Structure formats: C-alpha cells, structure tokens
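K.L.:
here is my input, please return the structure:
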Amino acid sequence: MIDIKFLRENPELVKENIKKKFQEHKLCLVDEVIELDKKNRETKLKGDELRSSRNTLSNQIGLLMREGKKNEASKIKEEVQKINEALVENEKLEEYYENETKNRMMKIPNILHESVPIGKDDSQNVEVQKYGDPFIPSYEIPYHTDIMEKVSGIDLDAARRVAGQGFYYLIGNIARLHSAVLSYARDFMINKGFTYCIPPYMIRSDVVTGVMSFEEMDAMMYKIEGEDLYLIGTSEHSMIGKFKGQILKKSELPYNMTSYSPCFRKEKGAHGIEERGVYRIHQFEKQEMIVVCEPEESYDWYEKMWTYTVELFRSMDIPVRTLECCSGDLADLKSKSVDVEAWSPRQKAYFEVGSCSNLTDAQSRRLGIRIKGEKGNYFAHTLNNTVVAPPRMLIALLENNYNEDGSISIPKVLQPYMGGLEKIEPQKRT
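P.N.:
Sure, this is the predicted structure:
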C-alpha cells in the first residue's frame with residue numbers, strides 16, 4: 001500500500017505506474033481515493049468542530065450551574081445532546097470514508113523501481129546473467145519423476161488415492177536427499193549471518209491481507225473452515241507478520257532471518273497442477289529468507305539476497321541464471337524482483353527455482369511495522385527471497401547429476417547430510 005499523501009500530491013505519477021503494470025482497470029481507483037480522502041478530511045474537520053463546540057458548551061453549563069442558573073444550563077444541555085447525536089452520525093461517516101479509502105488503496109500497486117523493465121507478462125522478463133555453463137549430456141535424461149521411480153523414491157499413485165492430484169510421497173534416499181537440501185540450505189543461511197526460525201504454519205486474515213494482494217490471496221491461500229486462519233503459502237507470510245503492529249528500535253535493525261516451513265497453495269489459475277511431475281503442486285517445503293530494514297538499506301539487501309541463492313545453487317554445481325522481472329509480472333506489493341532459474345539439461349532450458357523481491361514499505365504500511373526515529377516513527381522496508389524450495393530444487397539436482405547408468409551423483413556439499421553417501425543407485429526390479 002502506498003502513502004496516501006504521495007497519491008494525493010502525485011495522482012498522475014500513480015496512474016502512470018498503474019499503466020506500466022497494464023492494469024488500466026485500476027486507474028479509476030486513484031480518482032475515487034482522492035474524492036473519498038477529501039470527504040474523509042472534511043468529515044474529520046467537522047467532527048473536530050463539533051467536539052470543540054461541545055467542550056465550549058460543557059464549560060458554560062458548569063459555570064451556569066455554579067451560578068444557580070439551572071434553566072439556562074438545561075437549554076444548553078439540550079444543545080450538547082444534539083451535538084452528541086450529530087457526532088455519532090459524523091463518526092459513522094468517518095469510518096465509512098476511511099474503510100472505502102483503505103479498500104481502494106490496497107488495490108493500487110506499489111510504485112515500481114525505476115530500473116524495472118516494462119512488459120506485460122513473464123515472457124518479457126529480461127535475462128541479467130548466467131552462472132555456470134549449461135551442458136547437455138550425450139545420453140537421454142528421463143523426466144524427473146521417472147528418475148525418482150527408478151530409485152524407488154516417489155509414489156504419486158498412492159498420494160492421489162490419499163489426497164488427490166498435486167501431492168506426492170517421497171521415499172527412501174530421495175526423501176533423504178530432499179531433507180538434506182533443506183538442512184544444507186538452513187546451515188548455509190545461518191553461516192551468512194541469518195537467524196534461523198520455524199514460524200507458525202497458519203496465519204490470521206489480517207496478516208494475509210497485510211502481506212499480499214487480494215488477487216494473490218484468492219489464487220493461493222487455503223482457508224481453515226470455521227476459523228480466522230489460513231495455511232501459509234510461504235513462510236515469508238508469517239515471518240513478516242511477526243512484526244505486525246510493532247515499533248522497531250533502530251539499534252536492533254536489520255532483522256535478517258531464514259525460516260523453514262511446509263507451504264500450501266491452491267495453484268489456481270493458468271498454470272494449474274501437473275499430472276505427472278512435482279514442479280507445481282499443492283504442498284511442498286521451503287527454506288526462505290526475509291529482511292526488515294531501514295529504507296535506505298533495502299536495495300543493498302536486495303542485491304545480497306538473490307546472490308545468496310545463486311551461490312547456494314552453484315555450490316552444488318547447478319548452472320543458473322537471473323531474470324529481471326518486468327512490470328506486468330510483478331505482484332502488486334513488489335517494487336522490484338529477480339527470478340533465479342536453474343538449468344534443465346532434459347528440457348535444454350532454464351526453469352524458475354526462486355524469486356527475490358523488495359516490497360519497500362508496502363507490507364509495512366498494511367501491517368503497521370514502523371521504526372522509532374528521532375524525528376518521529378516511519379515505515380520499515382521488507383524483502384523476501386527463496387533460499388531453496390524442494391521438490392523444484394530436486395528436479396534441478398536430479399537432472400544435473402543423473403548418470404547414464406541411472407544412478408544419481410550427490411553433490412559433495414550434501415554428502416555429510418546423507419551419511420557420506422556419494423551416489424543413489426537404481427533399484428533392481430523383481
């Protein structure tokens with residue numbers, strides 16, 4: 001959510017920003033907010049005038065009562081009563097205008113960073129840099145679930161019987177490899193100076209609307225029936241929510257934390273759920289990183305955060321590239337975002353494995369996360385980035401370490417988490 005004062009003073013700039021995101025249907029919101037905000041301020045002024053009049057008359061009543069002029073005091077009491085009734089109606093109007101203004105403000109996208117490329121969707125994202133040399137082996141690499149099945153590492157049929165489409169059983173060394181990746185990612189981030197945290201896996205609706213747009217909420221979140229609780233789609237939601245309504249001390253900033261959680265997503269929309277694979281599913285696990293910091297430090301942190309993901313993947317010899325997300329591909333609260341994509345030798349292409357975003361003060365305004373300053377309190381900046389999200393990570397790891405004999409080489413950095421195991425061998429079928 002942007003600053004209403006900024007919108008009031010720069011309506012055309014806000015409209016231009018909406019156009020850059022190809023959301024022309026939201027242009028009317030700017031004029032509506034300006035009109036509602038004007039009425040709200042007028043109503044507040046009227047409320048102040050009514051309260052001032054009431055105070056003046058109340059003082060007169062006290063004076064008249066001391067002088068024994070009860071009849072005159074009674075007449076003024078009637079005026080005070082009328083003012084009280086008018087105040088009740090005025091306060092209802094104030095609440096109405098505030099709510100209507102806020103509802104519209106929460107639909108207006110955050111101001112894009114000036115460096116964001118303009119484009120309608122992810123097909124117009126811009127490649128920034130490649131890390132590592134992509135390779136294509138002389139032998140064929142099977143589909144990732146076929147690789148897992150060869151080592152008795154996955155059971156999709158049983159998962160469909162138990163939970164339906166979009167779920168999986170990981171088994172044996174594949175399940176162990178999945179956990180090894182998460183454990184390695186956890187320690188990797190701790191060594192970068194991040195504090196490890198396991199957050200709540202459910203959050204209230206006021207936190208959900210604080211961390212994401214209504215469109216994202218509808219497409220992603222699972223609601224717990226009969227309760228004001230939602231299953232998280234990523235631990236960033238509950239991690240940023242941790243600071244809701246807080247006034248932070250400058251001396252304790254930045255808060256840089258890495259968190260583990262299972263994640264639950266509807267995956268509603270154009271992409272849908274895969275029938276065979278585990279790339280787009282309803283349930284997965286993830287290591288995340290978040291930063292809450294001073295506004296002037298947020299873009300320094302942004303650059304650091306995505307490089308950590310690149311470094312993590314390269315430590316496992318997985319080639320990656322970074323893509324600058326274009327304006328139309330950015331969620332409404334994001335000011336700037338970069339995707340990290342891993343090389344798929346089977347597809348001979350890259351695919352997304354993580355995303356780093358600077359949301360500036362958009363989440364902080366919604367959640368009331370402020371920093372105590374010498375000249376008054378101000379809103380913090382928030383950022384988030386995927387450290388690693390198995391099983392997508394497993395796809396990249398399996399394809400880039402698949403051998404012609406069907407075995408899977410385990411990267412050296414993961415071997416300590418696998419009890420020293422260097423290879424996962426295919427299982428002989430009886």
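K.L.:
how about D317: what's its closest non-neighbour residue?
P.N.:
Taking C-beta to C-beta, 6 or more residues apart in numbering, and ignoring the residues beside it in sequence, D317 has P411 as its nearest neighbour in space, at 6.1 Å. In short, each C-beta sits where N, CA and C put it, glycine included.
K.L.:
and that neighbour, what does it touch?
P.N.:
Listed by C-beta atoms under 8 Å, 6 or more residues apart in numbering, the contact set of P411 reads 315-317, 397, 401.
K.L.:
so for it, what's the pLDDT?
P.N.:
At P411 the predicted local distance difference test score is 97.
K.L.:
equivalent analysis for I273, please.
P.N.:
Looking at I273, its pLDDT reads 57.
K.L.:
swap in P254?
P.N.:
The pLDDT attached to P254 in the predicted structure is 97.
K.L.:
over to F214?
P.N.:
Here, the pLDDT recorded for F214 equals 77.
K.L.:
correct me, but it touches N103?
P.N.:
No: under the contact definition of C-beta atoms under 8 Å, F214 does not touch N103, with a separation of 9.4 Å.
K.L.:
mind listing what's buried along the worst-scoring helix or strand of the chain on mean pLDDT?
P.N.:
Least confident element among the helices and strands of the chain, by mean pLDDT, DSSP states H and E: helix 214-220 (a mean of 81). Of the residues in helix 214-220, those with enough neighbours to count as buried (16 or more other C-beta atoms under 10 Å) are 217, 219-220.
K.L.:
distance from the chain centre to the next helix or strand after that helix, please.
P.N.:
Counting by DSSP states H and E, the next helix or strand C-terminal to helix 214-220 is strand 222-223. How far strand 222-223 lies from its chain's middle: 16 Å, per C-alpha atoms, centre = their mean, to the nearest Å.
K.L.:
pairing partners for strand 222-223, with directions?
P.N.:
Sheet pairing of strand 222-223 (DSSP bridges) gives strand 230-231 (antiparallel).
K.L.:
the strand it pairs with: what's the following helix or strand?
P.N.:
Elements were assigned by DSSP H and E; along the chain past strand 230-231, the next helix or strand is helix 235-241.
K.L.:
give me the number of residues near the closest residue to E24 other than its chain neighbours?
P.N.:
Here the nearest residue to E24 in space, its sequence neighbours aside, is I18; by C-beta to C-beta, 6+ apart that works out to 7.2 Å. A total of 20 residues lie near I18 under the criterion other C-beta atoms under 10 Å.
K.L.:
I'd guess I18 is in a helix, am I close?
P.N.:
Yes: using DSSP: H, G, I helix; E, B strand; the rest coil, the assignment for I18 is a helix.
K.L.:
next, the contact list for it, please.
P.N.:
Contacts of I18 by C-beta under 8 Å, 6+ apart are 24, 26-27, 30, 108-109.
K.L.:
which pLDDT value does the model give it?
P.N.:
Among the per-residue scores, I18 shows a pLDDT of 98.
K.L.:
please pick the buried ones from the contacts of I18.
P.N.:
Among the contacts of I18, those classed as buried by 16+ other C-beta under 10 Å are 26, 30, 108-109.
K.L.:
between all of those residues, which two are separated the most?
P.N.:
V30 and P109 (11.2 Å; C-beta to C-beta).
K.L.:
buried residues of stretch 94-103, list them for me.
P.N.:
By neighbour count, with 16+ other C-beta under 10 Å as the criterion, the buried positions of stretch 94-103 are 94, 97, 100-101.
K.L.:
just the ones of the residues you listed in helices?
P.N.:
Under the assignment DSSP state H, the buried residues of stretch 94-103 contribute 94, 97, 100-101 to helices.
K.L.:
what is the nearest of those residues to I224?
P.N.:
Proximity of these to I224 was ranked by C-beta to C-beta; the top entry is E100 with 28.7 Å.
K.L.:
excluding its backbone neighbours, what's nearest the closest one?
P.N.:
L36 (5.2 Å).
K.L.:
now swap in Q363 and tell me
P.N.:
Nearest in space to Q363, with sequence neighbours left out and distances taken as C-beta to C-beta, 6+ apart, is T382 at 4.7 Å.
K.L.:
partners of the strand or helix carrying the one you found, with directions?
P.N.:
When secondary structure is defined using DSSP H and E, the element that contains T382 is strand 381-388. Within its sheet, strand 381-388 is paired with strand 283-293 (antiparallel), strand 349-358 (antiparallel), according to DSSP bridges.
K.L.:
now the last one, how far from the chain's geometric center?
P.N.:
Read that as strand 349-358. Using C-alpha atoms, centre = their mean, we find the averaged C-alpha position of strand 349-358 to lie 14 Å away from the chain's own average C-alpha position.
K.L.:
which residues touch that strand?
P.N.:
Judged by C-beta under 8 Å, 6+ apart, the contacts made with strand 349-358 from elsewhere in the structure are 113, 134, 279, 298-299, 301-302, 305-306, 309, 313, 320-321, 325, 330-331, 334-344, 381, 383-389, 392-393, 395-396.
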